[in-house]
Every structure is written in structure tokens, then in C-alpha cells.
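J.: structure for this input, please:
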Amino acid sequence: MGRPINKNKIGQGAGRIQVTSVKFAAGGEVANAWIVSQRSANKFVISDGTKTETCVLVNKTTGSLGASEFNLYATLDDSTVVQVTRLYNRTVQYEGGTANVDKVKYNVGPGDENDDTTGTATLPVQD
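T.: Numbers count the residues shown, from 1 in each chain. Now for the predicted structure:
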């Protein structure tokens, strides 16, 4: 798996990574969810406050998620919106990428300590 993502960036609360959408095993897709813990580079425990489940980060659009899947969009420096396919310690791999291609450092919302770094992806945050 490599090094896990920083625990200060996950969980519920302002300034933490927000999942774009998740589909739990039972029920429809939910937009307001967050990462509780990391199991691998693309498998996480996700919660929306009422359900908590281990889900897989996939490269699928919102509305087409299968059971126990979630997606996460990020914005690159050039304002291109991409889907994240793997989360690592301080980097993300995004759609179409392989292990060493399309992998950039990430910021968690505006105002992150890495704002002056070029070649980054900004992840959405909870309000």
C-alpha cells in the first residue's frame, strides 16, 4: 500500500477530505460522506453519519456507482477536474494513470500548506 494518507486529512469535520459520492451496499448514492480510515490505496471505510462501510475508490461517474463504491474528484492546477483512482501518503493518482503516470501531490482544499507547489491536485473538503 505504501504510506497511508495523513490521518489529519480524513474523518468528519471542516477541512477534511469530502467524498464526492458513495453508494453503500444497501441504498442509493449519497453526496455528503467522508473517509473514516484507509485499508489500501483504493479501499477505505466511508461514512455518511448513518452508515459506515468499507468501499472501493473507483473511476466511475456519479450516478453509475455500484454497491460499496465511491468516487472522489480533484481539481488540477490548470482547473481540470479529474477523478482520483488512488490515494497515497502525499500524492494522488488520477483517471487513466498508472503507478508512475498521472500522479501528483495533493492539497486538501484551498489554504493547504502546499498551495505554492505546482503540479498539484486539490481535493474537496467538508465545510
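
J.: hey, let's count contacts and neighbours off CA atoms from now on
T.: Will do.

J.: now do the contacts for the closest residue to residue 44 other than its chain neighbours.
T.: Nearest residue to residue 44 in three dimensions, chain neighbours excluded: residue 38, at 4.5 Å (Cα to Cα, 6 or more residues apart in numbering). Applying Cα atoms under 8 Å, 6 or more residues apart in numbering, one finds that residue 38 lies in contact with 4-5, 44-45.

J.: which stretches of the protein form strands?
T.: Counting by DSSP state E, the chain has strands at residues 18-19, 21-23, 29-30, 33-38, 43-47, 52-57, 69-71, 73-76, 81-87, 91-94, 103-108, 120-123.

J.: residue 10: which of these is closest?
T.: With Cα to Cα as the criterion, residue 10 lies closest to strand 33-38 of the strands of the chain, at 5.5 Å.

J.: now do the closest one against strand 52-57, angle only.
T.: Here strand 33-38 runs at an angle of 90 degrees relative to strand 52-57 (axes from the mean of the first three to the mean of the last three Cα atoms, to 10 degrees).

J.: any low-confidence regions in this structure?
T.: Within the chain, the set of residues satisfying pLDDT under 70 comprises 1-2, 96-101, 110-118.

J.: please repeat the previous calculation with a cut-off of 80.
T.: 1-3, 96-102, 109-119, 127 (pLDDT under 80).

J.: so what's residue 46 up against?
T.: For residue 46, the set of contacting residues under the criterion of Cα under 8 Å, 6+ apart consists of 33-37, 52-55.

J.: grab the nearest non-local neighbour of it.
T.: Looking at residue 46 with Cα to Cα, 6+ apart, the closest residue is residue 35, at 4.7 Å.

J.: equivalent analysis for residue 20, please.
T.: For residue 20, ignoring the flanking residues on the chain, the nearest one in space by Cα to Cα, 6+ apart is residue 72 at 4.8 Å.

J.: all good on my end, thank you.
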